[in-house]
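Make a model of this:
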Amino acid sequence: MILDRYLLRNIFSYTASVSLVFLCIVVLSRSIQYLEQAAQGEMNTIMVMWLILYRLPGFIELILPFSFFLSIIFVLGKMYEDNEMVIMKQCGITQTYLLKLIMSFAFFVSLLVALFSFWLTPISSVYSEYFKSEKTFYEEFSSLNPGIFHELNNGGVFYAETKKGDIYEKVFSNNLLDKNNETLLFSTNAILDKESNSLTLGPGSSFLKTPNGKGTQLSFEKIIINDLPIKSKDNVADFDVVLNEITQKESLAWKFSLPLLTLISAFIAVPLSKIHPRQGRFIKVLPSLIIFITYLTLLISFKVQDEQGELINLVMTLFVHFIFILLGFFLYKKEALN
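Residues are numbered from 1 along each chain as shown. Prediction:
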């Protein structure tokens with residue numbers, strides 16, 4: 001039917017536009033956080049792009065239900081304001097037919113959300129953990145910025161006054177060479193070589209503290225290191241193990257909650273979007289936002305309360321869904337009587 005395609009096309013275009021806007025906002029805010037970590041030497045700047053890419057499914061699974069809900073409010077509100085809904089009712093499109101049409105579309109959107117929730121988001125989270133843990137010596141070392149004392153796994157530190165490209169100048173390190181004995185090292189330069197995946201120090205001097213309390217000073221022209229104990233997260237040992245851990249962190253109730261959220265919020269949006277003559281299309285936006293944010297906040301609150309147990313979380317999550325289903329029926333009956 002032409003009117004059906006017109007309505008669904010508008011909702012689809014609004015959903016895509018709103019999702020894109022919110023996705024850009026979230027990505028920019030997350031990028032700022034990652035760039036701050038890169039500025040502090042906690043990660044390489046190249047990692048920022050990949051980490052954001054791996055986080056996209058997690059962003060989308062939350063943004064899509066919200067965008068779809070908001071799009072229904074916008075589109076139907078506009079149609080009520082422009083009296084298009086009056087014409088559609090004269091063509092036989094009743095409130096019940098409108099609800100069935102939008103809920104059929106919401107079913108496919110919920111399937112898409114379920115795809116992200118059950119598969120894409122867990123998989124991307126595993127790859128994100130792998131990406132953060134599996135780094136070459138060059139990638140780990142090149143993220144160390146000058147003017148900052150960087151802690152090493154063995155309790156030592158690394159410091160360089162300046163950096164020009166892959167060359168660190170005026171280098172100081174503690175316990176860089178010997179993990180068992182306290183060793184101070186001073187070097188004029190530290191050259192990082194990407195091809196050989198190594199660090200070349202020299203010329204410089206090292207001071208080794210002996211067991212009798214005395215120190216030994218040694219001078220060197222060149223020292224090559226290819227295993228720097230930078231303090232970082234432990235490497236991920238097994239893909240299936242990490243996937244299982246991430247899957248266990250997110251309960252089954254939460255995975256089903258997002259598709260149900262998409263369906264129930266769409267059910268609420270249809271009667272909520274109805275406006276009367278001389279009312280602006282945006283008059284229902286604020287109440288709609290309050291309802292959706294309250295709904296999502298309650299679901300998230302039970303997601304993070306893992307100590308309560310899976311069964312209690314499931315019961316409380318189902319109770320939240322039931323409350324908002326009742327709200328949808330109440331609004332539908334209320335608008336049907338008007």
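
could you pull out the strands for the protein?
Using DSSP state E, the strands of the chain run over residues 150-151, 157-164, 167-174, 183-193, 198-201, 204-209, 215-220, 223-225.

For the longest one, which helices and strands make contact with it?
Helices and strands touching strand 183-193, by 3 or more Cβ pairs under 8 Å, 6 or more residues apart in numbering; DSSP states H and E, are helix 137-142, strand 167-174, strand 198-201, strand 204-209. Where C-beta positions appear, they are placed from N, C-alpha and C, glycine not excepted.

Just give me how far the longest one sits from the chain centre.
In terms of Cα atoms, centre = their mean, to the nearest Å, the centre of strand 167-174 is found 36 Å from the chain centre.

what residues does it touch?
Applying Cβ atoms under 8 Å, 6 or more residues apart in numbering, the set of residues contacting strand 167-174 from outside is 144, 146, 156-163, 182-192, 201, 204.

out of the residues you listed, which are buried?
Taking 16 or more other Cβ atoms under 10 Å as the criterion, what is buried in those is 144, 156, 158-160, 163, 183-185, 187, 189-192, 201, 204.

Residue 261 and residue 218, how far apart?
As judged by Cβ to Cβ, to the nearest Å, residue 261 and residue 218 stand 65 Å apart.

For those two, work out which one has more neighbours and name it.
Neighbour count, other Cβ atoms under 10 Å: between residue 261 and residue 218, residue 261 has more, with 24 against 12.

Setting aside sequence neighbours, what's the nearest residue to that one?
residue 65 (5.1 Å; Cβ to Cβ, 6 or more residues apart in numbering).

Now do the contacts for the one you found.
With Cβ under 8 Å, 6+ apart, residue 65 has these contacts: 109, 113, 258, 261, 262, 265.

got it, and residue 3?
88, 91, 93 are the contacts of residue 3 under Cβ under 8 Å, 6+ apart.

now swap in residue 223 and tell me
Counting by Cβ under 8 Å, 6+ apart, residue 223 touches 177, 187, 200, 201, 202, 204.

Which residues does residue 224 form beta bridges with?
residue 200 (DSSP bridges).

in terms of contact, does residue 4 touch residue 100 like I think?
No. With contacts counted by Cβ atoms under 8 Å, residue 4 stays clear of residue 100, the gap being 10.5 Å.

Looking at these two, which one has more neighbours?
Taking neighbours as other Cβ under 10 Å, residue 4 and residue 100 compare with residue 4 leading, 15 against 11.

Quickly note the distance from that one to residue 97.
Per Cβ to Cβ, residue 4 is found 9 Å from residue 97.

now residue 319
Taking Cβ to Cβ, one finds residue 319 at 31 Å from residue 97.

Pretty sure residue 275 sits against residue 283.
Yes. Contact criterion Cβ under 8 Å: residue 275 and residue 283 qualify, at 6.1 Å.

between these two, what contacts are shared?
Common neighbours of residue 275 and residue 283, counting by Cβ under 8 Å, 6+ apart, are residue 77.

Compare the two (neighbour count), which wins?
Per other Cβ under 10 Å, whichever of residue 275 and residue 283 has more neighbours is residue 275, with 20 against 13.

closest to residue 120 out of the helices and strands packed on strand 183-193?
helix 137-142 (26.0 Å; Cβ to Cβ).

got a list of what residue 111 touches?
residue 259.

now do residue 22
Contacts of residue 22 (Cβ under 8 Å, 6+ apart): 63, 66, 67.
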